[in-house]
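quick one: sequence plus predicted model below, questions after.
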Amino acid sequence: MQALESRVRRGPDFDRNAAAYAGLIDTLRQRHGHILGGGGEKLRLRHRDRGKIPVRERIDHLVDPLSPFLELSPLAAWELYVNEVPAAGIVTGIGVVAGLPCMVIANDATVKGGSFFAETVKKHLRAQEIAFENKLPCLYLVDCGGAFLPEQDRVFPDRDHFGGTFFQQCRMSGAGLPQISAVFGACTAGGAYIPALSDEVIMVRGTGRIHLGGPPIVKAAINEVVDGETLGGAEMHSQVSGVSDYLANSEIEALAKMRDIVAAINWPAPPPRAQRPIRPPLHDPAELGGIVGTDLKRPFDVHEVIARVVDGSEFQEFKPAYGAMLVCGFAWIHGEPVGILANNGVLFSEAAVKGAHFIELCDQRRTPLVFLQNITGFMVGTEAERGGIAKHSAKLVYAVSNTRVPRYTVIIGGSYGAGNYGMCGRGFQPRFLFSWPNARIATMSADVAATVVTDLRRASLTRGVANEAEIARVDQQTRTQFEEQSTPYYATARLWDDGIIEPGQTRDVLGLCLALASREAELPGYRPVYRM
């Protein structure tokens with residue numbers, strides 16, 4: 001494969017871009033630092049006074065030493081609920097435990113007692129979806145107060161609400177994916193079903209509890225007065241009810257037992273495959289900020305991005321002289337083969353047809369697809385419509401929808417309109433979707449939206465003269481709305497992606513995700529575990 005040459009030359013423009021992008025990265029790091037505090041210092045101290053370990057420290061004790069942990073959607077619920085529900089009260093991510101990649105789903109009891117908000121449910125379900133698709137065991141670190149009652153109408157009754165997490169858990173167990181729980185705190189109502197539906201359960205003496213209804217509910221329902229330990233403590237469930245399989249004297253012991261359980265899983269070995277030696281790019285990924293910048297109106301050559309993500313900067317481009325606004329080609333990332341589709345501008349008919357053709361090639365060759373989105377959409381106008389842009393863009397959308405290979409998406413710039421769909425946006429269910437700090441996602445840009453809305457307002461006026469003050473107000477209101485609702489933080493707070501990552505991390509994050517797919521093996525003959 002031929003290595004891509006870089007035409008980047010450092011100078012005033014590059015330095016300005018790099019400095020502006022460094023500001024975006026500083027903001028991202030500050031916000032990541034904020035959510036590490038959980039529910040705040042006071043609640044963290046109370047948590048420790050009860051002999052409990054903060055949630056991310058639990059994960060550190062669980063995963064193999066010095067192994068990577070890919071945390072998903074750490075900024076979920078950012079700036080929602082007056083920013084009092086950091087990370088949506090739950091930490092999810094992929095880590096290596098006893099040599100086996102696992103999905104970890106861990107409640108943060110310092111955030112509203114580990115209760116479930118709408119975003120908590122969505123994040124939990126998304127983690128289970130990733131585990132299901134990538135054939136990962138699920139490890140639940142349970143410290144959950146059930147649904148947050150003031151939000152019950154957004155948490156309890158609907159298809160993708162709290163009950164969906166139990167449905168997914170049962171389905172994964174039925175598919176042979178181990179479901180293992182360690183209970184660290186009081187798990188009430190819906191929180192009790194997470195361990196109850198698990199294949200194996202560990203409970204911590206003195207702090208771990210499981211009860212469908214806590215002492216106040218029991219008193220209200222049947223007028224029985226009982227303390228929490230008698231009702232659903234770890235000793236009772238381990239010695240009397242049998243809900244728990246193992247009794248641990250401390251959280252460290254419980255986490256060690258969970259590691260032992262994972263180590264004893266007779267997990268199928270990944271199928272053998274040829275993997276190339278891993279080679280770093282020839283060009284420095286740290287330059288990506290200076291190349292891309294923060295102004296989405298300023299174009300950049302996406303070849304420069306590819307050259308800083310793929311092994312050896314080697315890229316075999318497909319049909320380079322045709323439909324050049326969509327760059328397609330074959331490469332390797334961390335030794336894994338990939339087909340890359342990346343935007344170099346608006347998508348014309350030629351680019352859409354080329355993309356569909358390339359996707360079919362990758363599907364035939366079982367090569368995973370990576371989409372690098374920086375797209376204003378498909379071309380519009382009389383000439384484009386007469387040239388069949390609707391049918392040709394539909395070909396790309398159809399190919400994206402029906403390919404059988406794993407798909408991964410990174411939004412590296414704008415993601416607008418149907419271009420989001422053609423480039424495998426969230427609605428097309430890529431295995432993972434990440435955003436860069438400069439990303440924007442919306443039906444259209446703020447400028448275009450303001451023009452459309454003000455033109456419609458003028459056209460709707462029945463009186464002779466438009467009220468320009470009113471038009472200006474509508475223009476400003478529309479711009480403000482679209483600018484606010486298209487930021488990557490607005491998107492990640494609502495789990496429209498799996499997290500915001502720094503451009504320099506893209507290669508390693510994609511490498512980890514690709515490695516999960518390469519380990520997949522069929523699980524014939526596995527049966528669900530029934531806790532009868």
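Sure thing, it's come through.

what's the spacing between the lowest-mean-pLDDT helix or strand in the chain and its chain's center?
Averaged element by element with mean pLDDT, DSSP states H and E, the chain has its least confident helix or strand at helix 446-460 (a mean of 81). Relative to the centre of its chain, helix 446-460 is centred 34 Å away, using CA atoms, centre = their mean, to the nearest Å.

name the next helix or strand downstream of it, please.
helix 468-485 (DSSP states H and E).

mean confidence score for that next one?
Averaging pLDDT along helix 468-485 gives 87.

where does the prediction get shaky in the protein?
271-274, 461-466, 520-532 (pLDDT under 70).

for the chain, longest strand please?
In the chain, assigned by DSSP state E, the strand with the most residues is strand 407-416.

from the contact counts, what lies against the helix or strand that comes right after that one?
The first helix or strand that comes after strand 407-416 along the chain, using DSSP H and E, is helix 417-422. Packed against helix 417-422 by the contact rule (3 or more CB pairs under 8 Å, 6 or more residues apart in numbering; DSSP states H and E) you find strand 369-375, helix 389-402. In this view, the C-beta of every residue, glycine as well, is placed from N, C-alpha and C.

let's see it at 10 Å
If contacts are counted by 3 or more CB pairs under 10 Å, 6 or more residues apart in numbering; DSSP states H and E, helix 417-422 sits against strand 336-343, helix 349-365, strand 369-375, helix 389-402, strand 407-416, strand 440-442.

can you give me the strands in the stretch 151-300 of the chain?
Under the criterion DSSP state E, counting those that start in this stretch, the stretch 151-300 of the chain contains strands at 179-183, 186-188, 200-204, 209-211, 246-248.

buried stuff in stretch 163-177?
Using 16 or more other CB atoms under 10 Å as the burial criterion, the residues of stretch 163-177 that qualify are G163, G164, T165, Q168, Q169, M172, S173, G176, L177.

what residues of stretch 497-517 count as buried?
Applying a neighbour-count criterion of 16+ other CB under 10 Å, one finds 497-504, 506-517 buried in stretch 497-517.

run the chain-centre distance for it.
10 Å.

on that earlier part again, the buried residues of stretch 163-177: which two are farthest apart?
G163 and G176 (22.5 Å; CB to CB).

got the helices and strands packed on helix 417-422 as CSV, with mean neighbour count columns?
Compiled in CSV, the helices and strands packed on helix 417-422 are given as follows (neighbours: other CB atoms under 10 Å):
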stretch, mean neighbour count
strand 336-343, 24
helix 349-365, 20
strand 369-375, 26
helix 389-402, 18
strand 407-416, 26
strand 440-442, 21
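
and the closest residue to G185 other than its chain neighbours, how many neighbours?
By the measure of CB to CB, 6 or more residues apart in numbering, the closest residue to G185 outside its immediate chain neighbours is D143, 3.8 Å from it. If you count neighbours by other CB atoms under 10 Å, D143 ends up with 28.

doesn't G38 make contact with D143?
No: with contacts counted by CB atoms under 10 Å, D143 stays clear of G38, the gap being 11.4 Å.

who touches both of the two?
H47, V55, D108, A109, T110 (CB atoms under 10 Å, 6 or more residues apart in numbering).

let's have these in JSON lines, adding distance to E470.
Written out in JSON lines, the entries for the shared contacts of D143 and G38 read as follows (distance: CB to CB, whole Å):
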{"residue": "H47", "distance to E470": "53"}
{"residue": "V55", "distance to E470": "51"}
{"residue": "D108", "distance to E470": "47"}
{"residue": "A109", "distance to E470": "51"}
{"residue": "T110", "distance to E470": "48"}
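
can you pick the most crowded of those residues?
Per-residue neighbour counts (other CB under 10 Å) across these peak at D108, which has 29 neighbours.

for G312, what are its contacts?
For G312, the contact set (CB under 10 Å, 6+ apart) comprises M1, A3, L4, R276, P277, I278, R279, P280, P281, L282, A331, W332.

and which of these is nearest Y193?
When these are ranked by distance to Y193 (CB to CB), I278 comes first, at 42.2 Å.

any idea how far T367 is from that closest one?
17 Å (CB to CB, to the nearest Å).

so which of these two has more stuff around it?
When I278 is set against T367 and neighbours are counted by other CB under 10 Å, the residue ahead is T367, at 18 against 13.

so the more buried one, which state does it fall into?
Secondary structure for T367, judged by DSSP: H, G, I helix; E, B strand; the rest coil, is coil.

what's the closest of the strands of the stretch 151-300 of the chain to P150?
The closest approach between P150 and any of the strands of the stretch 151-300 of the chain, judged by CB to CB, belongs to strand 186-188 at 15.7 Å.

contacts for that closest one, please.
By CB under 10 Å, 6+ apart, the list of residues contacting strand 186-188 from outside reads 107, 109, 113-115, 140, 142-147, 181, 192-196, 203, 207-217, 228-229, 231-233.

in helices, which of those residues appear?
Within the contacts of strand 186-188, membership in helices is found for A192, Y193, I194, P195, A196, P215, P216, I217, G228, E229, L231, G232, as judged by DSSP state H.

quick one: contacts for the first one?
Meaning A192. By CB under 10 Å, 6+ apart, the contact list for A192 reads 142, 144, 146, 183, 186, 209-214, 232, 243.

got the buried residues for the longest helix seen in the chain?
Taking DSSP H as the criterion, the chain has its longest helix at helix 12-35. The neighbour-count check on helix 12-35 (16+ other CB under 10 Å) flags F14, N17, A18, A20, Y21, L24, I25, L28, R31, I35 as buried.

so which elements touch that helix?
Helix 12-35 is packed against helix 288-292, helix 488-493, with contacts defined by 3+ CB pairs under 10 Å, 6+ apart.

many thanks, I have nothing further to ask.
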